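**Student:** would you be able to build a 3D model of this:
(2 chains)
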Amino acid sequence: MRFRRKKIDKLLGEILVEKDIITPQQLREVLDAQAKEDGLIGEIIVNKKFATEEDIAQCISFQYGFPFLPLENYDIPIEVAKIVPKNVAQHYCLVPIDKIGDTLTVAMANPLNMEAAEDLEDLTSLNIQIFVSTSSDIRAAIERSYKE
Amino acid sequence: MKSNKKISSLSNMSLKRRLFVAFIFSTFFPVTILFQYSVNSYKMSLLALFAVVLVIFVGWWFIFEVFSSIIRIHNRTQDALQHIEERGQPQNIGVKNEVERLDVVFNMLSSKVKESVEELKAVNSKTEELNRAIDQKVKILSSILDANVLFSKSAPTTEILQFLTERLKEIIQAKIVISFFGIKEGDGRLQFYYGISERVAASLLSEENIKELMEVKSIVVVDNKHKERDPSFIAGATGIKNFIINPVYLREEIVGFIIAGNSMDGFSFPYDIGDIFNLFSYNMSIIWERQRLYKRVEDLEINDPLTGLYNEGFFINRLDEEIKRSTIYQRPCGLIAVKVANYNDYKENIGFIELERILKKCVQIFKENLRPIDILGRVKEDTFGVIVIERNRRQSNYVAARLKDALYSFMEGSLSFAPAIEVAVAESPIDGASAAKLLECIQQQFKTNEI
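**Tutor:** Numbering: from 1, shown residues only, chains lettered A, B, ... in the order given. Presented below is the predicted three-dimensional model:
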């Protein structure tokens, strides 16, 4: 493994409750909603306005040590964007932001998605460095970077 | 009894002989007796006299009998002639001469015979007509029966419909017959042509006039008796002057049409042509319905009958669903394909029963080496597929290698002749975002392996 692998022993919901970002009652409500309608727990929490995307991203960053990177004003070079196909970026909600030597830096909404990181390694044959960002920032960045 | 015999033998004699016997009795015997008495100067006794009288009486009785017979024959002839004359000849014909009368009678008899011959001819032609009708009915029934036999033997629908179309052409002695089924989108279309090329049939069916006639939704006949519609539009391409367009109904819904025609001048279809078409279209609709039901059953079937695993259709559906689900949860979805190399040769070598046993054992090995959530299917006759839920290509490769090892260890341990196993792995999103794309990637890998 060339990217930093974190030991993940807690689920996002539990971490958010621990950090007092959401209440246990809200977590139950979110889990019920997830059981009824498919979706990621972070997105449901944001949709229900129990927390903001930034709250969740900051929480993950703090818990697992992935640096948080807001992408609003970040310009991604086209040659970097092209390293990862658009469909892969959209599927995993990630965007490559820089390439230095044989290391590719990517911003991910869910940095705990090890399979995505492995796929990037296999696709690019580069080391992967992961940053955390919000889903909406990443999707906006994808739209900006893969215009053509 | 003796006397009866004698009398009967006398009555059977010809007139000449009977006259001779009468002459003997009435003249010869009495004269002989009298001569004997006169020569020998006997005194004639009373008894002898009585005998002479009796013999003479018998002789005259014979003569009487002979003449009575002649008179009876004459009377009967007269009566017969009178009778024939009275029945056949108007009374006002005054025929005096018997020869003329006989001539008249003969003429009458001849005309009677002529009349009878005419009647016989009419009866014959009627019989021929009936025979033709019976023959046609027999042909219709035998066609329907044959079609049902084919049906019960599970013959392909196309074969049965083709057969019925061909027989219909033969029965109604049509020049062309076109039948087609599958009006609705998605039903699939079957078309049969006889006496017409596919190109001409296609151009005919695209004619607006034909389409209009189909809109009538009941049988349309155009012939010498039914001239409401102009057949020139059909005649141009086909030479057809008389035709029938008959819709094929199935549960009050039109599923097809039968079009038949011929090029005879002044021709009219028989009065029962509608019944014939109804019978054929009814049977054709049943066959067509079977085709639709079979297709539905096939679509509904989800398991491979041999291994009990998901079949190709269902497996692909499940793969598409899993890819969609993995997209929602931003997870990967792996696909492993395990192919038995040279499957057909291997099948021929070991036989079907042994192959079935091996395939079932393989299924067991797959299940032992996969998670319960992974989905296993038989995607081709020689290929198993595994949907590895939420596993990327790297993880799927581990699983594939494990499966391959397990299969080889089973084969090497229990089979005298083990086939080669090929494995390919694909993953969504890297190799594509649909089942079709992943399978394409798998096929590509198999091809590369072959090279």
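**Student:** need the residues of chain B near chain A, please.
**Tutor:** Taking Cβ under 8 Å from any Cβ of the partner chain as the criterion, the neighbours of chain A within chain B are B:325-332, B:390-395, B:427-430, B:433. Quick note: C-beta positions are derived from backbone N, CA and C, even for glycine.
**Student:** and for the residue of chain A found nearest chain B, the neighbour number?
**Tutor:** Proximity of chain A to chain B (Cβ to the nearest Cβ) peaks at residue A:91, 3.7 Å away. Neighbouring residues of residue A:91 were enumerated by other Cβ atoms under 10 Å in any protein chain shown; the total is 22.
**Student:** pretty sure it belongs to a strand, no?
**Tutor:** No. Counting by DSSP: H, G, I helix; E, B strand; the rest coil, residue A:91 is not part of a strand but helix.
**Student:** that one against residue B:431, yeah?
**Tutor:** No. Residue A:91 sits out of contact with residue B:431 when judged by Cβ atoms under 8 Å, with a separation of 11.6 Å.
**Student:** what residues does chain A have near chain B?
**Tutor:** A:38-40, A:87-88, A:90-93, A:109-110, A:113, A:115-116, A:118-119, A:122-123.
**Student:** can you select the buried ones from the residues you listed in ChimeraX?
**Tutor:** In ChimeraX, selecting the buried portion of the residues of chain A next to chain B, with burial taken from 16 or more other Cβ atoms under 10 Å in any protein chain shown, looks like this:
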select /A:40,87,88,90,91,92,93,109,110,113,115,116,118,119,123
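**Student:** quick one: the helices in the stretch 101-250 of chain B?
**Tutor:** According to DSSP state H, counting those that start in this stretch, the stretch 101-250 of chain B carries its helices in the segments B:157-171, B:198-205, B:208-215, B:232-238.
**Student:** among those helices, which is nearest residue B:294?
**Tutor:** Among the helices of the stretch 101-250 of chain B, helix B:157-171 comes nearest to residue B:294, with 7.8 Å by Cβ to Cβ.
**Student:** so which residues of the stretch 251-400 of chain B form helices?
**Tutor:** Secondary structure of the stretch 251-400 of chain B (DSSP H, counting those that start in this stretch): helices located at B:273-300, B:312-328, B:343-350, B:352-368, B:393-414.
**Student:** which residue is the nearest non-sequential neighbour of the closest residue to chain A within the stretch 351-451 of chain B?
**Tutor:** In the stretch 351-451 of chain B, no residue comes nearer to chain A than residue B:429, which is 3.7 Å away by Cβ to the nearest Cβ. The shortest distance from residue B:429 to any non-neighbouring residue, by Cβ to Cβ, 6 or more residues apart in numbering or on different chains, is to residue A:91 (3.7 Å).
**Student:** contact partners for that neighbour?
**Tutor:** Residues in contact with residue A:91 (Cβ atoms under 8 Å, 6 or more residues apart in numbering or on different chains) are B:326-327, B:330, B:428-429, B:433.
**Student:** quick one: residues contacting residue A:89.
**Tutor:** A:81, A:95-96, A:142, A:146.
**Student:** I'd like to know which of the residues you listed are buried.
**Tutor:** Neighbour counting with 16+ other Cβ under 10 Å marks A:81, A:95-96, A:142, A:146 as buried within the contacts of residue A:89.
**Student:** got the domain boundaries for chain B?
**Tutor:** Following automatic domain parsing, chain B resolves into domains at B:2-85, B:136-298, B:312-450.
**Student:** now render those as CSV, adding mean pLDDT, distance to residue A:48 and mean neighbour count.
**Tutor:** Rendered in CSV, the data for the domains of chain B read as follows (pLDDT from 0 to 100; distance: least, Cβ to Cβ, whole Å; neighbours: other Cβ atoms under 10 Å in any protein chain shown):
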stretch, mean pLDDT, distance to residue A:48, mean neighbour count
domain B:2-85, 77, 122, 13
domain B:136-298, 85, 42, 16
domain B:312-450, 91, 17, 18
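**Student:** which one of those lies nearest to residue A:60?
**Tutor:** Each of those has some distance to residue A:60 by Cβ to Cβ; the shortest is domain B:312-450, at 13.9 Å.
**Student:** okay, residue 125: pLDDT?
**Tutor:** Since no chain was named, I'll use chain A. pLDDT, residue A:125: 93.
**Student:** chain B is the one I meant
**Tutor:** On the pLDDT scale, residue B:125 is placed at 92.
**Student:** okay, it and chain A: tell me how far apart.
**Tutor:** 82 Å (Cβ to the nearest Cβ, to the nearest Å).
**Student:** gap between the two ends of stretch A:105-119?
**Tutor:** The first and final residues of stretch A:105-119 sit 14 Å from each other (Cα to Cα, to the nearest Å).
**Student:** any idea how far the residue nearest the centre of chain B is from chain A?
**Tutor:** For chain B, the residue nearest the mean C-alpha position is residue B:143 (1.8 Å; Cα atoms, centre = their mean). Here the criterion is Cβ to the nearest Cβ. By it, residue B:143 lies 57 Å from chain A.
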